[in-house]
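One predicted model, sequence on top.
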Amino acid sequence: MTTKSTPDTIDFKAEWSRLGLPPHVIEVLGAAPALYVANKREDLLDWALGREAGTTDWRQSNRDDKGEFESVFDVAGMGPVVEAVVTKARNGLAVNFPDPKMRRRDPDAMVIGDCLPTDKPTYMERFGEKFDRTRQQTLDWLKKQELVVVPFYAGPDELGYGALLVCPKQAAFFAGALADLQGMIPGDQVPSTFRLTGGVIFIAPPFRHTHFDGKQVVVHARTSSHQEVFAYNLYPGPSAKKGVYSLLLDIGEREGWTTNHCAAVGVVTPYDNQIVIMHEGASGGGKSEMTEHIHRLEDGRLLLGKNVVTGEERTLVLPEACRLNPMADDMAVAHPHYNEGQTKLSINDAENGWFVRVDHIKGYGTDPHLERLCIQPPRPLIFLNHYIVPGGNCLIWEHIEDAPGKPCSNPRVIIPRDLVDGISQGPVSVNIRSFGVRCPPTHKDSRQYGILGMLHILNPALAWLWRLVAPRGHANPSIQDSKGMQSEGVGSYWAFCTGRRVDQANLLLRQIVTNTDTRHILIPNQYIGAWKVGFMSEWIAREYLARRGSARFQRDQLVESTCPLLGYVPKQIRVEGSFVSPVFLHVQNQQEGGQEVFDEGARQWREFFKRELEPFLTSDLDPLGRKIIEACMNDATQEEYWRLIPHQIFKD
């Protein structure tokens, strides 16, 4: 049952003119042939299938209702172009994009369409003219469309950063995806105090073909009060997902805080002790996996890794794993509202739903918890890049193919936050900040940078440097191009920032310096030297650290890595009486590589850090930050890093 508006709320569809919207937004909404504002989520799903609201009963058998809808647009010079196909399954909507380039985020999608300070490519630089003309053409095109409008809050509702999505009804599935990811305010319950302090997202798919040679382009236009995002494609990643992230980063830059690119989870041991781990990293760095249950073999053992040279496998017996209380999946605001008087960093989930990548789900039984939720969800879900037969069940291990025999590397499902088992509400204090790195196979025949062991302990200065360089890493599945060692930039969220690197670097440094009671670690995934490990390294590290609780290491329990950028390494790791093989901790001792291969990897890391850190050495960099970067340029020792940000690392 829908609650009608009260004296403190308005019906958006009838009274949107009372909200003090910008003049050009008023023009678009006022000129559109029809406005559709959902009072409940199901309205958006009906519109996504081209139906009237309230006509689809998702609880009934799908036998006589095998719906399929093409999100098609007339493009000048091309005629009708199908941008997406929306199929009704028994467990939700399956969205597929005929163009494989639209199935994942293009790392070059962002363009800045304003004249405010930025280190990002501007519209003028990329297209040879100001954005003004294309902007007006976009608004004029929207005026002629039937529009779905979704009011929502960017970030947690209590912070009050109001935002709007303005989307053609032909792409109503996009509105459904945004509503699941960011939340929606029912159209008849919009607070009368609602204001656009967050921003506006405009969707105009045909311009991808008429203006941008078929590529993903998302133009960000900032003002002194909010940001506007003009998205010219329908894949939600760079707009409904990272576009909203950009709004939050822009707000934080103006107000002096930031939104971290992270997952967070409360890890509860079999003895009911809990620690909170916040896991950061570039796309593909293991954020979603940090909140996943540990994967087991059929007999219950854990496959630690398989040697790519010898074929040998190593396993571990873990009778009982920790219980997980997920807290965030990809974005968490570290707003001053949550951090006053704190000595540990406090964060709150910035999202209403999680954009879960399921490329690692290859068949039934890989992740029973996630599979059960997706096959029989309490309410219909939205799936992207999955094979689907109209009227069938969308299965998260059946991925659409980019080419014959080549499954899409970026299948996704949007999980509304309240459906996640054991979900934790509200802000939390972080015990451990981890950083994930995708590493390549590294041995005598593959002399690369995969020299990280299962767990590294970092001091705060090094932790800041890892966030500045944020390596994108090996075989990144979330973006279109990930060859070689590349950087995703400050905090691993630089791809979504609209301003200057140095400003975000200063915010991150302030965050770390003021929260030295939060400890820092580094975790690889995919490969440890010659061993294929997937995400098992972070799952084992999670189990180990939770059982240690608040206990600090004694000096004789850690050894300094011969590569100073890697901090300290535990001499051994034991979980519930089982020891992890030393080959997963001390990579230089692997027979397939050895010290020589390790040293070559260390050289690659030194060069990468120095290359990526050099642009931060500007006059606006915090003086402490300058000292830390200069120390790195001079190959500082652990002691030298510690002196720059003193903290307790060892047990007294």
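Good, I have the coordinates.

From now on I want contacts and neighbour counts done on CA atoms only, so please keep to that.
OK.

does V82 count as helix, strand or coil?
Three-state assignment for V82 (DSSP: H, G, I helix; E, B strand; the rest coil): strand.

Output the longest helix along the chain as CSV - backbone C-alpha positions only.
Longest helix in the chain, counting residues (DSSP state H): helix 595-613. The C-alpha coordinates for helix 595-613 follow below in CSV (Å, rounded to 0.1, in the frame of the first residue of the first chain):
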residue,chain,number,x,y,z
GLN,A,595,65.0,-14.1,-5.3
GLU,A,596,66.0,-13.0,-8.8
VAL,A,597,62.3,-13.1,-10.1
PHE,A,598,61.2,-11.3,-6.9
ASP,A,599,63.8,-8.6,-7.4
GLU,A,600,62.6,-8.0,-10.9
GLY,A,601,59.0,-7.6,-9.7
ALA,A,602,60.2,-5.2,-7.0
ARG,A,603,62.0,-3.2,-9.6
GLN,A,604,58.7,-3.0,-11.6
TRP,A,605,56.8,-1.8,-8.5
ARG,A,606,59.4,0.9,-7.7
GLU,A,607,59.3,2.2,-11.2
PHE,A,608,55.5,2.2,-11.2
PHE,A,609,55.2,4.0,-7.9
LYS,A,610,57.7,6.7,-8.9
ARG,A,611,56.0,7.2,-12.3
GLU,A,612,52.5,7.5,-10.8
LEU,A,613,53.5,9.6,-7.8
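
how big is the angle separating the next helix or strand after that helix from helix 595-613?
Scanning forward in sequence from helix 595-613 by DSSP states H and E, the next helix or strand is helix 623-633. With axes from the mean of the first three to the mean of the last three C-alpha atoms, to 10 degrees defining the directions, helix 623-633 sits at 150 degrees from helix 595-613.

Who are the packing partners of helix 623-633?
helix 595-613, helix 638-644 (3 or more C-alpha pairs under 8 Å, 6 or more residues apart in numbering; DSSP states H and E).

Next, format the ones you listed as CSV and append mean neighbour count, distance to I388 and mean pLDDT.
Formatted as CSV, the helices and strands packed on helix 623-633 follow (neighbours: other C-alpha atoms under 10 Å; distance: least, C-alpha to C-alpha, whole Å; pLDDT from 0 to 100):
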stretch, mean neighbour count, distance to I388, mean pLDDT
helix 595-613, 18, 43, 97
helix 638-644, 16, 53, 95
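
Make TSV out of the ones you listed and add distance to V437.
Formatted as TSV, the helices and strands packed on helix 623-633 follow (distance: least, C-alpha to C-alpha, whole Å):
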stretch	distance to V437
helix 595-613	12
helix 638-644	21
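
Compare those and give me the one nearest N273.
helix 638-644 (29.5 Å; C-alpha to C-alpha).

and the closest one, how far out from the chain's middle?
31 Å (C-alpha atoms, centre = their mean, to the nearest Å).

just stretch 459-468 next, same as before
On C-alpha atoms, centre = their mean, the centre of stretch 459-468 falls 20 Å from the chain's centre.

Tell me which of the helices and strands packed on helix 623-633 approaches G199 most closely.
Among these, helix 595-613 sits nearest to G199 (C-alpha to C-alpha), with 31.1 Å.

Remind me what that closest one packs against, helices and strands.
helix 460-469, helix 623-633.

how many neighbours does Y568 have?
Y568: 22 surrounding residues under other C-alpha atoms under 10 Å.

how close does it sit to G286?
21 Å (C-alpha to C-alpha, to the nearest Å).

same thing with M454?
When M454 is compared with G286 (using C-alpha to C-alpha), they lie 13 Å apart.

anything in contact with each of the two?
E538 (C-alpha atoms under 8 Å, 6 or more residues apart in numbering).

In contact with Q182: list those residues for me.
Counted by C-alpha under 8 Å, 6+ apart, Q182 has contacts 152-155, 240, 350-353.

Strands along the stretch 301-450 of the chain, start to end?
Taking DSSP state E, counting those that start in this stretch, the strands of the stretch 301-450 of the chain run over residues 302-307, 313-316, 323-328, 331-333, 346-349, 353-357, 381-384, 401-403, 406-407, 412-416, 428-429, 432-438.

helices or strands next to the second one in the packing?
It refers to strand 313-316. By 3+ C-alpha pairs under 8 Å, 6+ apart, strand 313-316 packs against strand 302-307.

Dump the strand it packs on to CSV, keeping only the CA atoms.
The C-alpha coordinates for strand 302-307 follow below in CSV (Å, rounded to 0.1, in the frame of the first residue of the first chain):
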residue,chain,number,x,y,z
LEU,A,302,39.7,-24.8,0.9
LEU,A,303,41.8,-24.8,-2.3
LEU,A,304,44.5,-22.3,-1.4
GLY,A,305,46.0,-22.4,-4.9
LYS,A,306,47.1,-24.3,-7.9
ASN,A,307,50.7,-24.0,-9.2
